[in-house]
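Asks: sequence first, predicted model second:
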Amino acid sequence: MSDNSLKVTDNRTGRNYQIEIEDGAVRALDFRKIKLNDDDFGLITYDPGFSNTGSCKSRITFIDGEKGILRYRGYPIDELAKGVSFLEVSYLVFHGELPDKDQLDEWTLAIRSHANPPPQIRELIQAFSPESSAMGMLMSAVAALSGIYSEAVDLNDPENRRTHLTRLIGSVPTIISFVYRHKMGLSVLEPDPEKPFVDDFLRLVFGETESRVDSVFSGALDVLFTLHADHEQNCSANAMRSVGSSLADPYMATASAIGALAGTLHGGANEAVLKMLESIGSVDRVGDYMERVKQGEIRLMGFGHRVYKNYDPRAKIIKRLADSVFQVAKPSPLLDLAQELEAIALKDDYFLKRKLYPNVDFYSGITYRAIGFPNWMFTALFALARTSGWVSQWEEFMTDPDSRIARPRQVYLGSDLRHYP
(Lines give C-alpha, C1' and ligand atoms only; values in the text may rest on other atoms or scores of the structure.)
Protein backbone atom coordinates (compact mmCIF):
# COMPACT_ATOMS: atom_id res chain seq x y z
CA MET A 1 0.00 0.00 0.00
CA SER A 2 1.30 3.46 -0.92
CA ASP A 3 2.32 5.69 1.98
CA ASN A 4 0.58 8.55 0.19
CA SER A 5 -2.90 7.10 0.56
CA LEU A 6 -5.81 6.56 2.91
CA LYS A 7 -6.88 3.16 4.17
CA VAL A 8 -10.65 3.24 4.56
CA THR A 9 -12.68 0.56 6.31
CA ASP A 10 -16.40 0.43 5.56
CA ASN A 11 -17.88 -0.68 8.86
CA ARG A 12 -21.11 -1.61 7.11
CA THR A 13 -19.42 -4.38 5.13
CA GLY A 14 -16.02 -4.79 6.75
CA ARG A 15 -14.30 -4.15 3.39
CA ASN A 16 -11.09 -2.15 3.15
CA TYR A 17 -10.31 0.39 0.43
CA GLN A 18 -7.22 2.34 -0.58
CA ILE A 19 -7.74 5.97 -1.60
CA GLU A 20 -4.74 7.69 -3.19
CA ILE A 21 -3.71 11.17 -2.05
CA GLU A 22 -2.47 13.56 -4.74
CA ASP A 23 -1.42 17.17 -4.11
CA GLY A 24 -2.98 17.04 -0.66
CA ALA A 25 -6.34 15.95 -2.00
CA VAL A 26 -8.33 12.78 -2.70
CA ARG A 27 -10.45 12.31 -5.79
CA ALA A 28 -14.13 12.28 -4.91
CA LEU A 29 -14.84 9.64 -7.57
CA ASP A 30 -12.58 7.19 -5.70
CA PHE A 31 -15.23 7.00 -3.00
CA ARG A 32 -17.72 5.65 -5.53
CA LYS A 33 -16.07 2.23 -5.26
CA ILE A 34 -17.21 2.04 -1.61
CA LYS A 35 -20.52 0.23 -2.01
CA LEU A 36 -22.88 -1.99 -0.04
CA ASN A 37 -23.41 -4.19 -3.10
CA ASP A 38 -23.17 -4.12 -6.88
CA ASP A 39 -26.50 -2.29 -7.19
CA ASP A 40 -25.37 0.49 -4.85
CA PHE A 41 -24.39 3.79 -6.53
CA GLY A 42 -21.46 4.21 -4.13
CA LEU A 43 -20.51 6.91 -1.66
CA ILE A 44 -20.53 10.59 -2.53
CA THR A 45 -19.21 13.44 -0.38
CA TYR A 46 -21.73 15.87 1.14
CA ASP A 47 -20.33 19.40 1.36
CA PRO A 48 -22.88 22.26 1.43
CA GLY A 49 -21.30 25.43 0.09
CA PHE A 50 -18.16 23.52 -0.99
CA SER A 51 -16.43 24.28 2.31
CA ASN A 52 -13.83 21.56 1.80
CA THR A 53 -14.18 20.51 -1.83
CA GLY A 54 -11.60 21.31 -4.48
CA SER A 55 -13.40 21.84 -7.78
CA CYS A 56 -10.28 22.49 -9.83
CA LYS A 57 -6.50 22.70 -9.88
CA SER A 58 -5.28 26.27 -10.21
CA ARG A 59 -1.96 28.13 -10.37
CA ILE A 60 -3.37 31.63 -9.97
CA THR A 61 -4.01 32.51 -6.33
CA PHE A 62 -2.79 30.96 -3.08
CA ILE A 63 -4.50 31.59 0.25
CA ASP A 64 -3.60 30.32 3.70
CA GLY A 65 -6.46 31.55 5.83
CA GLU A 66 -4.98 30.39 9.12
CA LYS A 67 -1.80 32.42 8.57
CA GLY A 68 -3.42 35.35 6.74
CA ILE A 69 -1.51 34.80 3.48
CA LEU A 70 -2.63 35.88 0.00
CA ARG A 71 -0.39 35.52 -3.05
CA TYR A 72 -0.96 36.03 -6.78
CA ARG A 73 1.17 33.58 -8.77
CA GLY A 74 3.46 33.28 -5.74
CA TYR A 75 3.89 37.02 -5.09
CA PRO A 76 2.71 38.23 -1.63
CA ILE A 77 -0.12 40.70 -1.93
CA ASP A 78 1.63 43.31 0.23
CA GLU A 79 4.65 43.35 -2.11
CA LEU A 80 2.45 43.78 -5.19
CA ALA A 81 0.46 46.55 -3.51
CA LYS A 82 3.58 48.59 -2.80
CA GLY A 83 4.66 49.37 -6.33
CA VAL A 84 3.05 47.20 -9.01
CA SER A 85 0.26 48.78 -11.03
CA PHE A 86 -3.13 47.12 -11.42
CA LEU A 87 -2.56 46.51 -15.14
CA GLU A 88 0.75 44.78 -14.31
CA VAL A 89 -1.08 42.68 -11.73
CA SER A 90 -3.82 41.81 -14.22
CA TYR A 91 -1.10 40.66 -16.65
CA LEU A 92 0.48 38.58 -13.88
CA VAL A 93 -2.81 36.97 -12.90
CA PHE A 94 -3.64 36.16 -16.52
CA HIS A 95 -0.22 35.10 -17.86
CA GLY A 96 1.55 33.81 -14.76
CA GLU A 97 4.52 36.20 -14.81
CA LEU A 98 5.03 39.92 -14.32
CA PRO A 99 5.49 41.72 -17.65
CA ASP A 100 8.58 43.44 -18.94
CA LYS A 101 8.13 46.90 -20.46
CA ASP A 102 7.29 45.67 -23.97
CA GLN A 103 4.84 43.10 -22.66
CA LEU A 104 3.15 45.67 -20.43
CA ASP A 105 2.89 48.14 -23.32
CA GLU A 106 1.31 45.49 -25.54
CA TRP A 107 -1.07 44.38 -22.76
CA THR A 108 -2.06 47.97 -21.97
CA LEU A 109 -2.72 48.68 -25.64
CA ALA A 110 -4.83 45.53 -25.97
CA ILE A 111 -6.97 46.51 -22.99
CA ARG A 112 -7.24 50.23 -23.70
CA SER A 113 -8.16 49.60 -27.34
CA HIS A 114 -11.41 48.11 -26.02
CA ALA A 115 -12.20 51.01 -23.69
CA ASN A 116 -15.12 52.24 -25.80
CA PRO A 117 -18.07 49.78 -25.79
CA PRO A 118 -20.35 49.66 -28.83
CA PRO A 119 -23.18 52.26 -28.95
CA GLN A 120 -25.81 49.61 -28.19
CA ILE A 121 -24.43 49.40 -24.65
CA ARG A 122 -25.01 53.10 -24.02
CA GLU A 123 -28.55 52.77 -25.34
CA LEU A 124 -29.16 49.77 -23.10
CA ILE A 125 -27.98 51.60 -19.99
CA GLN A 126 -30.10 54.63 -20.84
CA ALA A 127 -33.16 52.40 -21.18
CA PHE A 128 -33.03 51.64 -17.47
CA SER A 129 -34.60 53.85 -14.84
CA PRO A 130 -31.93 55.84 -12.95
CA GLU A 131 -33.23 54.16 -9.80
CA SER A 132 -32.32 50.72 -11.17
CA SER A 133 -29.67 48.57 -9.54
CA ALA A 134 -26.15 49.45 -10.68
CA MET A 135 -25.17 45.78 -10.68
CA GLY A 136 -28.30 44.84 -12.60
CA MET A 137 -27.38 47.35 -15.31
CA LEU A 138 -23.76 46.17 -15.39
CA MET A 139 -24.77 42.51 -15.59
CA SER A 140 -27.23 43.23 -18.42
CA ALA A 141 -24.66 45.23 -20.38
CA VAL A 142 -22.00 42.53 -20.14
CA ALA A 143 -24.50 39.86 -21.18
CA ALA A 144 -25.49 42.06 -24.13
CA LEU A 145 -21.88 41.99 -25.37
CA SER A 146 -22.44 38.29 -26.05
CA GLY A 147 -25.10 39.16 -28.61
CA ILE A 148 -22.97 41.88 -30.18
CA TYR A 149 -19.80 39.78 -30.44
CA SER A 150 -21.27 36.48 -31.57
CA GLU A 151 -17.84 35.24 -32.69
CA ALA A 152 -16.93 34.88 -29.01
CA VAL A 153 -18.44 31.37 -29.09
CA ASP A 154 -15.36 30.15 -31.01
CA LEU A 155 -13.53 28.93 -27.93
CA ASN A 156 -10.98 26.78 -29.75
CA ASP A 157 -8.98 29.75 -31.03
CA PRO A 158 -6.63 31.09 -28.31
CA GLU A 159 -6.25 34.48 -30.01
CA ASN A 160 -10.00 34.85 -30.34
CA ARG A 161 -10.41 34.02 -26.65
CA ARG A 162 -7.74 36.57 -25.69
CA THR A 163 -9.43 39.29 -27.74
CA HIS A 164 -12.69 38.88 -25.90
CA LEU A 165 -11.07 38.52 -22.49
CA THR A 166 -9.04 41.72 -22.89
CA ARG A 167 -12.19 43.42 -24.20
CA LEU A 168 -13.91 42.56 -20.92
CA ILE A 169 -11.09 44.04 -18.82
CA GLY A 170 -11.05 47.15 -21.03
CA SER A 171 -14.77 47.80 -21.44
CA VAL A 172 -16.15 47.03 -17.97
CA PRO A 173 -14.70 50.26 -16.43
CA THR A 174 -16.34 52.37 -19.13
CA ILE A 175 -19.67 50.54 -18.73
CA ILE A 176 -19.51 51.22 -14.99
CA SER A 177 -18.91 54.93 -15.71
CA PHE A 178 -22.00 54.88 -17.97
CA VAL A 179 -24.01 53.37 -15.12
CA TYR A 180 -22.79 55.96 -12.62
CA ARG A 181 -23.46 58.96 -14.84
CA HIS A 182 -26.88 57.65 -15.90
CA LYS A 183 -27.91 57.18 -12.27
CA MET A 184 -26.59 60.67 -11.45
CA GLY A 185 -28.42 62.27 -14.39
CA LEU A 186 -25.19 63.18 -16.21
CA SER A 187 -24.19 62.70 -19.83
CA VAL A 188 -21.58 60.04 -20.48
CA LEU A 189 -18.00 60.90 -21.38
CA GLU A 190 -15.77 59.39 -24.04
CA PRO A 191 -12.84 57.25 -22.84
CA ASP A 192 -9.36 58.43 -23.68
CA PRO A 193 -7.12 55.38 -24.28
CA GLU A 194 -4.05 57.61 -24.11
CA LYS A 195 -4.65 58.34 -20.43
CA PRO A 196 -3.56 55.94 -17.67
CA PHE A 197 -6.13 53.26 -16.87
CA VAL A 198 -7.22 54.45 -13.40
CA ASP A 199 -6.92 58.18 -14.18
CA ASP A 200 -9.20 57.78 -17.16
CA PHE A 201 -11.73 55.80 -15.13
CA LEU A 202 -11.90 58.55 -12.50
CA ARG A 203 -12.32 61.13 -15.28
CA LEU A 204 -15.09 59.08 -16.91
CA VAL A 205 -16.95 58.88 -13.61
CA PHE A 206 -16.46 62.32 -12.08
CA GLY A 207 -15.72 64.53 -15.09
CA GLU A 208 -12.82 66.52 -16.47
CA THR A 209 -12.53 69.20 -13.81
CA GLU A 210 -13.24 67.29 -10.61
CA SER A 211 -10.46 67.43 -8.00
CA ARG A 212 -11.13 63.75 -7.35
CA VAL A 213 -9.04 62.97 -10.41
CA ASP A 214 -6.06 63.27 -8.09
CA SER A 215 -2.78 61.34 -7.92
CA VAL A 216 -3.46 60.25 -4.32
CA PHE A 217 -6.94 59.04 -5.21
CA SER A 218 -5.87 57.33 -8.43
CA GLY A 219 -2.95 55.68 -6.62
CA ALA A 220 -5.26 54.45 -3.85
CA LEU A 221 -7.81 53.15 -6.34
CA ASP A 222 -5.08 51.36 -8.28
CA VAL A 223 -4.08 49.51 -5.08
CA LEU A 224 -7.71 48.73 -4.24
CA PHE A 225 -8.12 47.18 -7.69
CA THR A 226 -4.99 45.09 -7.10
CA LEU A 227 -6.33 43.84 -3.77
CA HIS A 228 -9.58 42.75 -5.41
CA ALA A 229 -8.10 41.32 -8.62
CA ASP A 230 -8.60 37.68 -7.64
CA HIS A 231 -9.38 35.62 -4.57
CA GLU A 232 -9.20 31.95 -5.47
CA GLN A 233 -12.46 29.95 -5.78
CA ASN A 234 -14.90 32.41 -4.22
CA CYS A 235 -18.59 32.46 -5.13
CA SER A 236 -18.25 34.60 -8.26
CA ALA A 237 -15.12 32.82 -9.53
CA ASN A 238 -16.94 29.52 -9.04
CA ALA A 239 -19.87 30.93 -11.03
CA MET A 240 -17.47 32.02 -13.79
CA ARG A 241 -15.94 28.55 -14.02
CA SER A 242 -19.22 26.70 -13.60
CA VAL A 243 -21.04 28.60 -16.35
CA GLY A 244 -17.91 28.54 -18.50
CA SER A 245 -17.78 24.75 -18.12
CA SER A 246 -20.83 24.48 -20.39
CA LEU A 247 -18.72 26.27 -23.06
CA ALA A 248 -20.73 29.45 -22.72
CA ASP A 249 -18.81 32.42 -24.11
CA PRO A 250 -16.84 34.63 -21.67
CA TYR A 251 -19.43 37.43 -21.72
CA MET A 252 -22.17 35.10 -20.51
CA ALA A 253 -19.85 33.60 -17.91
CA THR A 254 -18.78 37.05 -16.68
CA ALA A 255 -22.41 38.18 -16.45
CA SER A 256 -23.09 35.20 -14.18
CA ALA A 257 -20.07 36.11 -12.04
CA ILE A 258 -21.40 39.69 -11.74
CA GLY A 259 -24.74 38.25 -10.60
CA ALA A 260 -22.98 36.21 -7.93
CA LEU A 261 -20.96 39.22 -6.78
CA ALA A 262 -24.11 41.32 -6.47
CA GLY A 263 -25.28 39.30 -3.48
CA THR A 264 -24.93 40.92 -0.06
CA LEU A 265 -22.92 37.95 1.25
CA HIS A 266 -20.26 38.49 -1.43
CA GLY A 267 -19.75 41.89 -3.03
CA GLY A 268 -22.12 43.93 -0.90
CA ALA A 269 -20.32 43.53 2.41
CA ASN A 270 -18.41 46.84 2.34
CA GLU A 271 -21.66 48.74 1.84
CA ALA A 272 -23.06 46.90 4.87
CA VAL A 273 -20.07 48.09 6.92
CA LEU A 274 -20.86 51.73 6.14
CA LYS A 275 -24.52 51.23 7.04
CA MET A 276 -23.41 49.72 10.35
CA LEU A 277 -21.07 52.62 11.12
CA GLU A 278 -23.76 55.14 10.20
CA SER A 279 -26.22 53.36 12.50
CA ILE A 280 -23.74 53.59 15.41
CA GLY A 281 -23.44 57.32 14.83
CA SER A 282 -20.71 58.36 17.26
CA VAL A 283 -17.58 56.99 18.93
CA ASP A 284 -19.13 57.04 22.42
CA ARG A 285 -21.75 54.51 21.26
CA VAL A 286 -19.26 51.95 19.93
CA GLY A 287 -18.87 50.17 23.28
CA ASP A 288 -22.61 49.64 23.65
CA TYR A 289 -22.83 48.40 20.08
CA MET A 290 -20.09 45.82 20.66
CA GLU A 291 -21.86 44.58 23.78
CA ARG A 292 -25.03 44.05 21.75
CA VAL A 293 -22.96 42.11 19.22
CA LYS A 294 -21.67 39.87 22.01
CA GLN A 295 -25.23 39.30 23.21
CA GLY A 296 -26.21 38.12 19.72
CA GLU A 297 -28.65 40.98 19.16
CA ILE A 298 -26.90 42.37 16.07
CA ARG A 299 -24.14 41.41 13.64
CA LEU A 300 -20.66 42.88 13.42
CA MET A 301 -20.07 43.68 9.75
CA GLY A 302 -16.61 43.67 8.16
CA PHE A 303 -15.16 41.19 10.64
CA GLY A 304 -14.46 37.51 10.05
CA HIS A 305 -14.11 35.70 6.75
CA ARG A 306 -15.05 32.36 5.27
CA VAL A 307 -11.38 31.65 4.51
CA TYR A 308 -9.28 33.90 6.77
CA LYS A 309 -9.01 32.92 10.43
CA ASN A 310 -6.46 35.64 10.95
CA TYR A 311 -6.21 39.32 10.01
CA ASP A 312 -7.12 39.58 6.31
CA PRO A 313 -3.83 40.71 4.67
CA ARG A 314 -5.77 43.01 2.36
CA ALA A 315 -7.39 44.79 5.31
CA LYS A 316 -3.98 45.79 6.71
CA ILE A 317 -3.08 47.38 3.38
CA ILE A 318 -6.41 49.20 3.02
CA LYS A 319 -6.13 50.56 6.57
CA ARG A 320 -2.82 52.22 5.61
CA LEU A 321 -4.38 53.33 2.34
CA ALA A 322 -7.29 54.98 4.15
CA ASP A 323 -4.87 57.01 6.24
CA SER A 324 -3.17 58.39 3.11
CA VAL A 325 -6.48 59.14 1.38
CA PHE A 326 -7.82 61.05 4.38
CA GLN A 327 -4.78 63.29 4.33
CA VAL A 328 -6.25 64.90 1.21
CA ALA A 329 -9.94 63.98 1.53
CA LYS A 330 -12.52 65.60 3.75
CA PRO A 331 -12.36 64.25 7.33
CA SER A 332 -14.92 61.54 8.05
CA PRO A 333 -16.31 60.62 11.47
CA LEU A 334 -16.82 57.12 10.07
CA LEU A 335 -13.06 56.56 10.04
CA ASP A 336 -12.85 57.42 13.75
CA LEU A 337 -15.75 55.06 14.40
CA ALA A 338 -14.11 52.25 12.46
CA GLN A 339 -10.79 52.65 14.24
CA GLU A 340 -12.45 52.62 17.66
CA LEU A 341 -14.52 49.57 16.76
CA GLU A 342 -11.42 47.74 15.53
CA ALA A 343 -9.44 48.68 18.66
CA ILE A 344 -12.12 47.18 20.90
CA ALA A 345 -12.44 44.00 18.83
CA LEU A 346 -8.70 43.34 18.74
CA LYS A 347 -8.37 43.30 22.53
CA ASP A 348 -11.64 41.61 23.48
CA ASP A 349 -11.41 37.84 24.09
CA TYR A 350 -14.92 37.36 22.71
CA PHE A 351 -13.80 38.40 19.22
CA LEU A 352 -10.27 37.00 19.44
CA LYS A 353 -11.47 33.51 20.43
CA ARG A 354 -13.85 33.53 17.48
CA LYS A 355 -11.07 34.78 15.18
CA LEU A 356 -13.12 37.79 14.16
CA TYR A 357 -10.52 40.05 12.59
CA PRO A 358 -11.15 42.91 10.13
CA ASN A 359 -11.57 41.76 6.54
CA VAL A 360 -11.09 43.55 3.23
CA ASP A 361 -14.55 45.12 3.42
CA PHE A 362 -14.02 46.89 6.74
CA TYR A 363 -11.97 49.84 5.44
CA SER A 364 -12.58 49.61 1.68
CA GLY A 365 -16.03 51.22 1.76
CA ILE A 366 -14.75 54.14 3.86
CA THR A 367 -11.92 54.63 1.36
CA TYR A 368 -14.23 54.48 -1.66
CA ARG A 369 -16.52 57.02 0.01
CA ALA A 370 -13.59 59.35 0.71
CA ILE A 371 -12.66 59.30 -2.98
CA GLY A 372 -16.22 60.28 -3.81
CA PHE A 373 -18.07 57.11 -4.74
CA PRO A 374 -21.59 56.57 -3.38
CA ASN A 375 -22.40 53.32 -1.55
CA TRP A 376 -24.20 51.77 -4.50
CA MET A 377 -21.01 51.96 -6.58
CA PHE A 378 -18.89 49.84 -4.24
CA THR A 379 -19.83 46.44 -5.64
CA ALA A 380 -19.43 47.67 -9.21
CA LEU A 381 -15.89 48.80 -8.35
CA PHE A 382 -15.28 45.34 -6.94
CA ALA A 383 -16.49 43.88 -10.26
CA LEU A 384 -14.17 46.16 -12.24
CA ALA A 385 -11.14 44.79 -10.42
CA ARG A 386 -12.32 41.20 -10.23
CA THR A 387 -12.95 41.00 -13.99
CA SER A 388 -9.21 40.39 -14.44
CA GLY A 389 -9.41 37.44 -12.06
CA TRP A 390 -12.60 36.08 -13.60
CA VAL A 391 -11.20 36.00 -17.12
CA SER A 392 -7.99 34.40 -15.83
CA GLN A 393 -10.00 31.71 -14.04
CA TRP A 394 -12.07 31.15 -17.19
CA GLU A 395 -8.99 30.87 -19.42
CA GLU A 396 -7.30 28.47 -16.99
CA PHE A 397 -10.41 26.28 -17.02
CA MET A 398 -10.49 26.28 -20.82
CA THR A 399 -6.88 25.07 -21.06
CA ASP A 400 -7.08 22.47 -18.26
CA PRO A 401 -7.31 18.91 -19.66
CA ASP A 402 -9.16 17.81 -16.49
CA SER A 403 -11.97 20.33 -17.00
CA ARG A 404 -15.48 18.96 -17.28
CA ILE A 405 -18.95 20.48 -17.27
CA ALA A 406 -19.97 21.28 -13.69
CA ARG A 407 -22.55 18.77 -12.50
CA PRO A 408 -22.60 18.24 -8.71
CA ARG A 409 -24.45 15.34 -7.10
CA GLN A 410 -27.15 15.60 -4.46
CA VAL A 411 -28.14 13.62 -1.40
CA TYR A 412 -31.74 12.72 -2.24
CA LEU A 413 -34.10 12.75 0.74
CA GLY A 414 -37.43 12.71 -1.12
CA SER A 415 -40.08 10.04 -1.43
CA ASP A 416 -39.26 6.53 -2.58
CA LEU A 417 -41.03 5.08 -5.60
CA ARG A 418 -44.77 5.65 -5.54
CA HIS A 419 -47.48 5.36 -8.21
CA TYR A 420 -50.29 7.63 -9.25
CA PRO A 421 -53.54 5.94 -8.07
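Replies: Now that the structure is in, tell me what you want to look at.
Asks: now the strands: where do they sit in the protein?
Replies: Using DSSP state E, the strands of the chain run over 5-10, 15-22, 25-26, 61-64, 69-72, 75-76.
Asks: any idea how far R167 is from the residue nearest to P191 when sequence neighbours are not counted?
Replies: Excluding the flanking residues, the one nearest P191 by C-beta to C-beta, 6 or more residues apart in numbering is A115, at 3.9 Å. Every residue, glycine included, has its C-beta placed from N, CA and C. Using C-beta to C-beta, to the nearest Å, A115 is found at 10 Å from R167.
Asks: same question, A28
Replies: Applying C-beta to C-beta to A28 and R167 gives a distance of 36 Å.
Asks: and what of K183?
Replies: With distances defined as C-beta to C-beta, the gap from K183 to R167 amounts to 24 Å.
Asks: who touches A134 in this structure?
Replies: 176, 179-180, 183, 376-377, 379-380 (C-beta atoms under 8 Å, 6 or more residues apart in numbering).
Asks: same check, this time on K7
Replies: Taking C-beta under 8 Å, 6+ apart, we find K7 in contact with 1, 16-19.
Asks: swap in 6 Å and give it another go.
Replies: The neighbourhood of K7, defined by C-beta atoms under 6 Å, 6 or more residues apart in numbering, contains no residues.
Asks: specify the beta-bridge partners of it.
Replies: For K7, the residues forming beta bridges with it (DSSP bridges) are Q18.
Asks: just to revisit the earlier point, which of the contacts of A134 are buried? Put it as a PyMOL command.
Replies: The buried residues among these can be selected in PyMOL (16 or more other C-beta atoms under 10 Å) with this line:
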select buried, resi 176+179+180+183+377+379+380
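Asks: can I get the contacts of A134 in a markdown table with pLDDT and distance to F397?
Replies: Rendered in a markdown table, the data for the contacts of A134 read as follows (pLDDT from 0 to 100; distance: C-beta to C-beta, whole Å):
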| residue | pLDDT | distance to F397 |
| --- | --- | --- |
| I176 | 98 | 25 |
| V179 | 98 | 28 |
| Y180 | 98 | 31 |
| K183 | 98 | 34 |
| W376 | 94 | 31 |
| M377 | 96 | 30 |
| T379 | 95 | 24 |
| A380 | 97 | 25 |
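Asks: return the subset of the contacts of A134 lying in helices.
Replies: When DSSP state H is applied, the contacts of A134 are split such that 176, 179-180, 183, 379-380 fall in helices.
Asks: residues in contact with stretch 86-97?
Replies: The list of residues contacting stretch 86-97 from outside it, by C-beta under 6 Å, 6+ apart, reads 72-73, 80, 98-99, 107-108, 197, 222, 225-226, 229-230, 388-389, 392.
Asks: what about 7 Å?
Replies: Residues from elsewhere that reach stretch 86-97 (C-beta atoms under 7 Å, 6 or more residues apart in numbering): 59-60, 72-73, 80, 98-99, 103-104, 107-108, 111, 169, 197-198, 222, 225-226, 229-230, 388-389, 391-392, 395.
Asks: try stretch 402-418
Replies: Contacts of stretch 402-418 from elsewhere in the structure, counted by C-beta under 7 Å, 6+ apart, are 44, 46, 57, 242, 245-246, 397.
Asks: what do you get if the cut-off is 10 Å, keeping everything else the same?
Replies: Counting contacts by C-beta atoms under 10 Å, 6 or more residues apart in numbering, the residues outside stretch 402-418 that touch it are 28, 32, 41, 44-48, 50, 53, 55-57, 238-239, 241-247, 396-397.
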